[in-house]
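*Asks:* for reference, the sequence and a predicted model appear below.
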Amino acid sequence: MIEKIKHLWSELSKFSISCSFKKNPPETKQVNDKPCKTEAEQIVCLLRKLQCKQKKLRMYKEFWDNISNALFLVNMSTEMILDANPVACSMYGYSREEMIQMKFTELSDDPECTRTAGRQKLQRVPLRRHIRKGGHVFPVSASMTYFNDQGYDVCAIIVHEWVERDLINEFI
């Protein structure tokens with residue numbers, strides 16, 4: 001068995017593992033554009049796919065953590081917040097752990113209107129009032145998109161806090 005592992009390790013070193021974001025990711029049955037024949041080549045194929053997935057996850061995490069607006073992922077059937085980015089937590093005054101224990105409608109000054117917007121799958125809410133942890137009410141706008149993830153209907157929500165100049169410009 002040890003000899004087989006040593007052999008596989010030496011075979012692995014012959015192949016380069018790279019990842020690019022092509023439209024079609026590399027198949028698990030090919031290495032360096034050739035079909036995988038040996039166990040080592042098959043392992044390299046799997047490692048390449050894993051490396052590509054890790055690279056994409058890092059990229060999405062950077063986006064999620066560094067975008068300037070509040071982002072939420074919400075389970076549509078339960079209204080529970082699945083995730084909230086750091087800007088959302090800061091804007092509303094909750095920790096991420098607190099956020100994922102809440103329903104998104106709990107952040108709204110008018111939960112029924114928020115619930116209706118979700119049921120109707122609205123893509124934009126131009127003005128709504130939300131509530132910070134301390135009870136302060138503030139104006140926001142929201143853009144939503146809807147998708148299904150492994151049988152669960154999910155809403156991705158981008159919330160933009162209105163500042164006074166936004167409100168003045170909107171009504172001039």
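*Replies:* Noted; the coordinates are in hand.

*Asks:* and the strands in this structure, which stretches?
*Replies:* Under the criterion DSSP state E, the chain contains strands at 30-31, 34-35, 70-75, 81-84, 124-131, 137-149, 152-161.

*Asks:* in JSON lines: those strands, plus distance to residue 51.
*Replies:* Placement of C-beta: from N, CA and C, glycine included. Output for the strands of the chain, formatted as JSON lines (distance: least, Cβ to Cβ, whole Å):
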{"stretch": "strand 30-31", "distance to residue 51": "13"}
{"stretch": "strand 34-35", "distance to residue 51": "18"}
{"stretch": "strand 70-75", "distance to residue 51": "25"}
{"stretch": "strand 81-84", "distance to residue 51": "24"}
{"stretch": "strand 124-131", "distance to residue 51": "38"}
{"stretch": "strand 137-149", "distance to residue 51": "23"}
{"stretch": "strand 152-161", "distance to residue 51": "26"}
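
*Asks:* which of the ones you listed comes out lowest on mean pLDDT?
*Replies:* Comparing mean pLDDT over these, the weakest stretch is strand 30-31, at a mean of 48.

*Asks:* could you check how far residue 86 is from residue 52?
*Replies:* As judged by Cβ to Cβ, to the nearest Å, residue 86 and residue 52 stand 26 Å apart.
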